[in-house]
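A.B. asks: Sequence first, then the predicted structure:
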Amino acid sequence: MLIFSTFIITAYAFFDFAPDDLVTFQIDPRTNEKFIENITIPTQIKGAYQVNIGQHALDVQVISPTGRTLYSRMNTSRGNFSINATDIGLYKFLFHNKKSQKLSMTFAIDVLHSIRDSIESQDIDPLEKDLRDLNANLTDVYYGHKFQQIRVETSTDVVREANKRILIFTAIETVIILIVTGWQIWYIKKLFKNSPLF
């Protein structure tokens, strides 16, 4: 079952751009996960992705509405992209897990939506710019904590699953040791019982 957690964030510290959305989800073994973005005017799309636990690799593709592959990476665990979306329509972001185990990953995307998004810094009132910078820094701290919390929760799940397996193996090992010990005691008693003292 896929677990989605979406945040609207500004996270320059992690992705070097300000994402509109950040999604954490899981991909089942040997399956695909697809996200779609509807582009109504020519614009620019930036994105970043990473596998949250370990160095497990997957394939990543960005497909245009006309079927052209705009971005493709094979056997990668993290990366980022910037594409010029000149075609109008649905852009597809594909993630393919070729491994035999479930992967947890995070995907962030930013779409330049309006003229306001592309205002040059010199066109902004200095005080307004300072306030925006302050707000961005506070948002970085808040959502940076959120992002780390996602990774901690994912790591905790992995550790809990590993501890569960260790407990099962320990119980099986204990049962085997008890059986072997009991058999050895029985065998030694049998030897003493059947063997003459002189």
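C.D. replies: Happy to help now that I have it. Computed from a predicted structure; not experimentally measured. Residues are numbered from 1 along each chain as shown.
A.B. asks: Ramachandran coordinates for the closest residue in space to Ala57 that isn't next to it in sequence?
C.D. replies: Leaving aside its sequence neighbours, Ala57 sits nearest to Asn75 (Cβ to Cβ, 6 or more residues apart in numbering; 4.1 Å). Any C-beta I mention is one placed from the backbone N, CA and C, and that applies to glycine too. For Asn75, the backbone dihedrals are phi 50, psi 60 (criterion: degrees, to the nearest 10).
A.B. asks: for the particular helix or strand that has Gln148 in it, the distance to its chain's centre please.
C.D. replies: Gln148 is part of helix 126-194, with elements assigned from DSSP states H and E. Centre-to-centre, helix 126-194 and its host chain are 18 Å apart (Cα atoms, centre = their mean, to the nearest Å).
A.B. asks: now swap in stretch 25-34 and tell me
C.D. replies: The answer for stretch 25-34 is 11 Å, by Cα atoms, centre = their mean.
A.B. asks: Ok, stretch 22-34 next?
C.D. replies: With Cα atoms, centre = their mean, you get 8 Å for stretch 22-34.
A.B. asks: With just CA atoms, put it into PDB.
C.D. replies: Presented in PDB, the C-alpha positions along stretch 22-34 are these (Å, rounded to 0.1, in the frame of the first residue of the first chain):
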ATOM      1  CA  LEU A  22       7.200  17.300  -1.700                       C
ATOM      2  CA  VAL A  23       5.800  13.800  -1.700                       C
ATOM      3  CA  THR A  24       7.100  10.700   0.200                       C
ATOM      4  CA  PHE A  25       5.800   7.400  -1.000                       C
ATOM      5  CA  GLN A  26       6.700   3.700  -1.300                       C
ATOM      6  CA  ILE A  27       7.200   1.700  -4.500                       C
ATOM      7  CA  ASP A  28       6.500  -2.100  -4.400                       C
ATOM      8  CA  PRO A  29       9.000  -4.500  -5.800                       C
ATOM      9  CA  ARG A  30       9.200  -4.500  -9.600                       C
ATOM     10  CA  THR A  31       6.400  -1.900 -10.100                       C
ATOM     11  CA  ASN A  32       6.100   1.600 -11.400                       C
ATOM     12  CA  GLU A  33       4.900   4.800  -9.800                       C
ATOM     13  CA  LYS A  34       3.700   7.700 -11.900                       C
END
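A.B. asks: Quick check: mean pLDDT of that stretch?
C.D. replies: Regarding stretch 22-34, the rounded mean pLDDT is 87.
A.B. asks: Now that stretch: buried residues?
C.D. replies: 22-27, 33 (16 or more other Cβ atoms under 10 Å).
A.B. asks: of all those residues, which two lie farthest apart?
C.D. replies: Leu22 and Ile27 (16.4 Å; Cβ to Cβ).
A.B. asks: returning to that earlier point: and the buried residues of stretch 22-34 as CSV, adding secondary structure?
C.D. replies: CSV is the format used below for these (DSSP: H, G, I helix; E, B strand; the rest coil):
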residue, secondary structure
Leu22, strand
Val23, strand
Thr24, strand
Phe25, strand
Gln26, strand
Ile27, strand
Glu33, strand
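A.B. asks: And those residues, which is closest to Glu173?
C.D. replies: Gln26 (31.4 Å).
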